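Student: Predicted model and sequence follow; I will ask about them next.
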Amino acid sequence: MIAIIEYDAGNLTSVERALKNLGLECAITKDPEVVERADRVIFPGVGAAGSAMESIKRNGMDKALKNTLDSGKPLLGICIGTQIIMSSSVENTTDCLGFIKGKTVMFPKKMEAEEGGFLKIPHMGWNSVIPKSGVVHPVLKGIKEEDEFYFVHSYFPEPENSFDVLAETEYGVRFASVVGRGNLIATQFHPEKSGNPGLRFLKNFAEWDPKKIENDDRAENDFVPNENAVSNFVASNKYVNTLSRRIIPCLDVREGRTTKGIKFKNNVDIGDPVEMAKLYYETGADEIVFYDITASHEKRNIMIDVVRRVAETIFIPFSVGGGIRTKEDMRDVLLAGAEKVSVNSAAVKNPGIISEGAKAFGNQCVVLGMDVKYVGEKQGIPSGYEIVINGGRTYMDIDALEWAKQGEDLGAGEICLNSIDADGTRDGYELNLTKMISENVSIPVIASGGAGKPIHLRDVLKDAKADAALIASMVHYGDYTMGGIKDYLDAEGVKVRKTW
């Protein structure tokens, strides 16, 4: 049995569903005794180092993890689980478990990109994982050069000993994306959200016998200093953005059904959201976004049942928005299986919800949704773009550019930027709006509203510098396929994920 550690945050359900999909017995638990009886242990998920360490110490899980390590049983850390196995983390200035000597550090700021601007932080999306030369760890076997894995993080491990680095990834700096020693292995990416390559990784972990590592002639106490320390970073070069651009189907949901309208009006029913998400997952979507489009207006609770059903069906990231008003709402969505939560109307009314969510779950989990309408330059709206909430019903006299900057300062890890003027028109994205926001924040920006042809995605990803593009009508109605869109973008020089 594989024990999945619960620590009051994180996408535990996604890990559980992935393991069960592989036919593996597993259980989510807060009980240290269950952890110590388990055959294997996974510390998964998302969150912030400080709150994660507080939770596991409060429950006595730190001792259970140490006993697991000492027993020789396989132990896997995922994302925040990678942070807590290090000696310390600069996030929240946290002392961690120290299973691997070294610290967790933040990506350098102001890494200038070759294409202009700077590399966005968090490092969010699909990227390659390159095993270190010399030995391929059994859990990494079968990973192909073209395989990509899903990352969403601002911090990464920096072991003191380079022998503890098992694989690396390039994003401005070359950082350790897989670390390990003995019966311990930890990943900065999310295997449970990385499609078939991620499922293969989890299957390898379930079959791994730490006593049988072949062709590894490293001595237990061998030490080679890690020369890739971020402290050696000098911001004097321009860097290639190695992330694949994300193509994200958006499913607007009303009363449990997918719906689509034009400029937030005249919505019609177009299908079951779970079945549609499954189709897009199987045909190459990089992520899925769900919006309960009337939850804020009608004060309904979030669609937890839909979230759980989706988490059982797809193994790529998905985010959920609509009706999320409190930190508890965020926790419910994340524990049901979502990777991220999107706050829109509630954040405008109570900006503190952004900071609360970022502190509890990490800024990479908090998406600031922005519904924006062009109103022309006027007093209080110098950019000419105004924030509108409650499904396009309420104008807020808030400038879109200023709100985007404030949202980033409060702790949002990503912006989903929706143009009400372009929404559902299929005439192309609002390029001026997208470029303005993307060039003035350092977090990723998802363009939304107006996609009708593949060329529209090329324009917004290349010219308007969006990090990802939401699509809806062009795939909902069968005019284009995910594969066809990606083939076009690849031919146009836009880096996209091509295997899944």
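Tutor: Perfect, I can see it now.

Student: Let me see the ranges of the helices in the stretch 351-500 of the chain.
Tutor: With DSSP state H, counting those that start in this stretch as the definition, the stretch 351-500 of the chain shows helices at residue ranges 352-361, 400-410, 431-438, 454-458, 473-476, 482-491.

Student: Which one of the ones you listed lies nearest to Glu377?
Tutor: The closest of these to Glu377 is helix 400-410. By CB to CB, the value is 11.5 Å. Placement of C-beta: from N, CA and C, glycine included.

Student: So which elements touch the closest one?
Tutor: For helix 400-410, the helices and strands in contact under the criterion 3 or more CB pairs under 8 Å, 6 or more residues apart in numbering; DSSP states H and E are helix 352-361, strand 366-374, strand 385-389, strand 414-419, helix 431-438.

Student: Report all helices and strands that the longest one contacts.
Tutor: Helix 352-361 makes packing contacts with helix 327-336, strand 340-343, helix 345-349, strand 366-374, helix 400-410 when contacts are defined by 3+ CB pairs under 8 Å, 6+ apart.

Student: Quickly run through the sheet partners of the shortest one, with directions.
Tutor: Just to be clear, that refers to strand 340-343. The sheet places strand 340-343 alongside strand 318-321 (parallel), strand 366-374 (parallel), with pairing taken from DSSP bridges.

Student: Can I get the last one in CSV, CA atoms only?
Tutor: It stands for strand 366-374. In CSV, the C-alpha atoms belonging to strand 366-374 read as follows (Å, rounded to 0.1, in the frame of the first residue of the first chain):
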residue,chain,number,x,y,z
VAL,A,366,-3.7,31.4,-7.2
VAL,A,367,-4.9,32.7,-10.6
LEU,A,368,-6.2,36.2,-10.9
GLY,A,369,-9.1,36.1,-13.3
MET,A,370,-9.7,39.5,-15.0
ASP,A,371,-12.8,40.3,-17.1
VAL,A,372,-11.9,43.5,-19.0
LYS,A,373,-13.8,45.8,-21.3
TYR,A,374,-12.4,48.6,-23.4
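
Student: Tell me which of the helices and strands packed on helix 352-361 approaches Glu146 most closely.
Tutor: For the helices and strands packed on helix 352-361, distance to Glu146 was read as CB to CB. The smallest value, 25.9 Å, belongs to strand 340-343.

Student: So which residues make contact with that closest one?
Tutor: When contacts are taken as CB atoms under 8 Å, 6 or more residues apart in numbering, the neighbours of strand 340-343 outside the stretch itself are 152, 289, 291, 317-322, 324, 329-330, 333-334, 353-354, 357, 364-369, 413-414, 416.

Student: need the strands for the stretch 1-150 of the chain, in chain order.
Tutor: Counting by DSSP state E, counting those that start in this stretch, the stretch 1-150 of the chain has strands at residues 2-5, 26-29, 40-43, 75-78, 86-89, 94-95, 100-106, 123-127, 130-131, 149-153.

Student: Show me the shaky parts of the stretch 301-450 of the chain.
Tutor: Under the criterion pLDDT under 70, the flagged ranges of the stretch 301-450 of the chain are 301-302.

Student: In JSON lines, list the strands paired with strand 340-343 along with distance to Thr434 and mean neighbour count.
Tutor: What follows is these, written out as JSON lines (distance: least, CB to CB, whole Å; neighbours: other CB atoms under 10 Å):
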{"stretch": "strand 318-321", "distance to Thr434": "18", "mean neighbour count": "27"}
{"stretch": "strand 366-374", "distance to Thr434": "10", "mean neighbour count": "26"}
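
Student: Could you dump the ones you listed into a markdown table and include distance to Arg174?
Tutor: Formatted as a markdown table, these follow (distance: least, CB to CB, whole Å):
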| stretch | distance to Arg174 |
| --- | --- |
| strand 318-321 | 29 |
| strand 366-374 | 28 |
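
Student: Figure out which of these is closest to Tyr480.
Tutor: Tyr480 lies closest, by CB to CB, to one member of these: strand 318-321, at 20.5 Å.

Student: just how off-centre is that closest one within its chain?
Tutor: 11 Å (CA atoms, centre = their mean, to the nearest Å).

Student: Now Ala285. Its backbone dihedrals?
Tutor: Ala285 has phi and psi values of phi -60, psi 140 when expressed as degrees, to the nearest 10.

Student: for Met111, what are its contacts?
Tutor: Phe118, Leu119, Gly172, Val173, Ala235, Tyr239.

Student: Apologies, that question was intended for Asp39.
Tutor: Applying CB under 8 Å, 6+ apart as the definition, the contact partners of Asp39 turn out to be Met1, Ile2, Lys73, Pro74.

Student: Out of the helices and strands packed on helix 352-361, the one nearest Trp500 is which?
Tutor: Between Trp500 and those, the shortest separation by CB to CB is 19.5 Å, and it involves strand 340-343.

Student: So for Glu16, which of the helices of the stretch 351-500 of the chain sits nearest?
Tutor: helix 352-361 (18.0 Å).

Student: Of all the strands paired with strand 340-343, which one comes closest to Ser55?
Tutor: Taking CB to CB as the measure, the strands paired with strand 340-343 were each checked against Ser55, and strand 366-374 came out nearest at 18.7 Å.

Student: Compute the inter-axis angle for the closest one and helix 352-361.
Tutor: Here strand 366-374 runs at 150 degrees with respect to helix 352-361, directions being taken by axes from the mean of the first three to the mean of the last three CA atoms, to 10 degrees.

Student: Any idea how far strand 366-374 is from the middle of the chain?
Tutor: 18 Å.

Student: how far off strand 123-127 does that strand point, in degrees?
Tutor: Regarding strand 366-374 and strand 123-127, their directions subtend 100 degrees when assessed with the same axes, to 10 degrees.

Student: what sits against Thr94?
Tutor: Ala49, Gly50, Met53, Gln83, Ser88.

Student: can you pull the contacts of the fourth one?
Tutor: Shown in contact with Gln83 (CB under 8 Å, 6+ apart): Ala49, Ala52, Ser89, Glu91, Thr94, Cys96, Thr104, Tyr155, Pro157.

Student: ok, now Gly407?
Tutor: Each residue near Gly407 by CB under 8 Å, 6+ apart is listed here: Ala347, Pro351, Ile354, Leu368, Met370, Ile415.

Student: How many residues are close by the closest residue in space to Val240 that isn't next to it in sequence?
Tutor: What sits nearest to Val240 in space, not counting adjacent residues and going by CB to CB, 6 or more residues apart in numbering, is Glu114, at 5.5 Å. Here the number of neighbours of Glu114 (other CB atoms under 10 Å) works out to 11.

Student: Please verify my assumption that Glu114 contacts Lys238.
Tutor: Yes. With contact defined as CB atoms under 8 Å, Glu114 reaches Lys238; the gap is 4.7 Å.

Student: count of neighbours near Lys110?
Tutor: 10.
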